[in-house]
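Enquirer: just to be clear, the model below is a prediction. Sequence and coordinates:
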Amino acid sequence: MSDVATRLRSFLLSDAAITREVGDRVHQAHVPESSEGDYVYFQRSTIEPLRTLDASNIDPLYTSFDVEIISRDLEQCQFIASIVRAKLDCYRGAFDDATVKGIFVEDHNDDYIPRGTYADEGVHVAAMSVQIYS
């Protein structure tokens with residue numbers, strides 16, 4: 001059974017509109033130096049455990065990811081972000097080899113500091129927080 005991050009990557013790559021814009025450049029936690037062009041970067045930011053008084057070992061309530069769309073063109077960056085947001089926000093159902101109860105997207109505010117590492121200046125970042133309820 002896949003990890004939720006692996007499922008997220010597979011889910012994004014299953015969308016023809018996303019792959020048309022970024023190809024297979026959907027990266028978790030690391031962007032290869034050889035990656036050129038627009039891409040999606042994501043990194044796990046929070047795991048919220050589902051706590052019970054008997055301390056039973058159960059799956060997390062939700063997992064959050066910081067998702068960043070990176071492009072040298074501002075309009076393209078915002079366009080790809082709108083596609084990713086539409087794919088994820090308020091989704092429930094099949095999620096790679098599992099099922100999710102819900103995925104919710106929130107835009108980051110101006111205080112957000114991008115987590116990705118970018119080779120140089122001159123790139124635009126559209127960032128969002130994604131909560132995945134298993």
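Expert: It's in.

Enquirer: which stretches of this protein form strands?
Expert: Ranges of strands in the chain, per DSSP state E, are 26-28, 39-48, 62-71, 91-95, 98-107, 124-133.

Enquirer: tell me what the first one is packed against?
Expert: Judged by 3 or more Cβ pairs under 8 Å, 6 or more residues apart in numbering; DSSP states H and E, strand 26-28 is in contact with helix 4-13, strand 39-48. Placement of C-beta: from N, CA and C, glycine included.

Enquirer: where does pLDDT dip in the protein?
Expert: Counting by pLDDT under 70, the low-confidence segments of the chain come to 1, 49-59, 109-121.

Enquirer: run through the bridge partners of the most centrally placed residue in it.
Expert: Closest to where the C-alpha atoms of the chain average out (Cα atoms, centre = their mean) is Val67, at 3.8 Å. The bridge-partner assignment for Val67, based on DSSP bridges, gives Phe42, Met128.

Enquirer: which positions within the longest helix seen in the chain qualify as buried?
Expert: Using DSSP state H, we find that the single longest helix of the chain is helix 74-88. Residues of helix 74-88 classed as buried: 76-77, 79-81, 83-85, 87-88 (neighbour count, 16 or more other Cβ atoms under 10 Å).

Enquirer: state the number of residues packed around the nearest residue to Asp66 once chain neighbours are set aside.
Expert: In this structure, Asp66 finds its nearest non-sequential neighbour in Ser45, 4.9 Å apart by Cβ to Cβ, 6 or more residues apart in numbering. Residue neighbour count, defined by other Cβ atoms under 10 Å, stands at 14 for Ser45.
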